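>>> Quick check, what structure comes out for this input:
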Amino acid sequence: MNHPILKMHLAGIHQLLKRVLLTCFSFMSFAAYSQQPSSIDRPLPPFYDEVMAFVKQDSLHKPSLNKILFIGSSSFTMWKDVADYFPGHTIINRGFGGSSLPDLMRYQELIVYPYEPKQILIYCGENDLAASDTVSADMVYNRFLQLFADLRNRFPDVNISFVSMKPSPSRMHMQQRLIAANKSIRDFLATKKNTAYIDVYTPMLGADGQPLPDIFLGDKLHMNAKGYAIWQKQIKPYLMK
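Residues are numbered from 1 along each chain as shown. Now for the predicted structure:
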């Protein structure tokens, strides 16, 4: 068993089996989820169609392993040209809809596990707060803790980075809750290994402390290229090679 050639042969077989099992998982996941009927009594969960589109895509083309994975809400969903912002890195973007943290937890077996990423970047939480004034900073923080625990349990050594929630002009009424949730998540990640808190909130503010007006689209929620350029500058130093 100590023969070097035999070791290389066994290692190759292990990697092949791993990829075969991953492909089978994608096909089985697509089959299982696609056969779930919707009805008045049991409607499909939010963002079902978007996530199933990812699953179908993965069933047709083997997912890339050991790459950088982006998961989260519409600020990632709408970053269609994200790969152009980070040359030299392979980015898998699995942002979907206006998702919240419970949505990421609901679909993590489909949008995270198959890729065995070397790094996971999360942008989420803003929609949690926007859903209701009764959603507190602590509620968002606790939801993040649960997602973090799930991911860490599955991937003990993978870097998990959180991109701070941004200051959206259309959502300034909830900024105190948003700032508090950002701080709690930042302080938590500071106590954990293989993590990062990426601050995009501060550089998106002008000298008057208000969001820069020219970095957003007309809805005053989603960003234009200028906004994403700020994100690029803040995120790039944290991306793994």
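
>>> For Leu104, pull up the helix or strand it's in.
For Leu104, the element it lies in under DSSP states H and E is helix 101-111.

>>> Any buried residues in that helix, and which?
101, 103-104, 106-108, 110-111 (16 or more other C-beta atoms under 10 Å). Bear in mind the C-beta positions are built from the backbone N, C-alpha and C, glycine included.

>>> Show the average pLDDT along it.
Across helix 101-111, the average pLDDT comes to 98.

>>> Tell me which other helices or strands that helix touches.
Counting contacts by 3 or more C-beta pairs under 8 Å, 6 or more residues apart in numbering; DSSP states H and E, helix 101-111 is packed against helix 4-34, helix 48-60, strand 68-72, helix 137-154.

>>> what's the farthest-apart pair in the buried residues of helix 101-111?
Leu101 and Leu110 (16.0 Å; C-beta to C-beta).

>>> Now do the same contact list for Arg177.
129, 135-137, 140 (C-beta atoms under 8 Å, 6 or more residues apart in numbering).

>>> Can you tell me which helix or strand of this protein has the lowest average pLDDT?
None of the helices or strands of the chain scores lower by mean pLDDT, DSSP states H and E than helix 4-34, at a mean of 46.

>>> Can you name the residues bridging to the residue nearest the centre of the chain?
Nearest to the mean C-alpha position of the chain, by C-alpha atoms, centre = their mean, lies Ile71 at 1.5 Å. Ile71 forms beta bridges with Arg94, Ile122, as assigned by DSSP bridges.

>>> surely it meets Leu110?
No. Look at Ile71 against Leu110 with C-beta atoms under 8 Å: they stay out of range, at 10.7 Å.

>>> just to revisit the earlier point, quick one: the residue nearest to the centre of the chain and Phe54, what's the gap?
According to C-beta to C-beta, to the nearest Å, Ile71 and Phe54 sit 11 Å apart.
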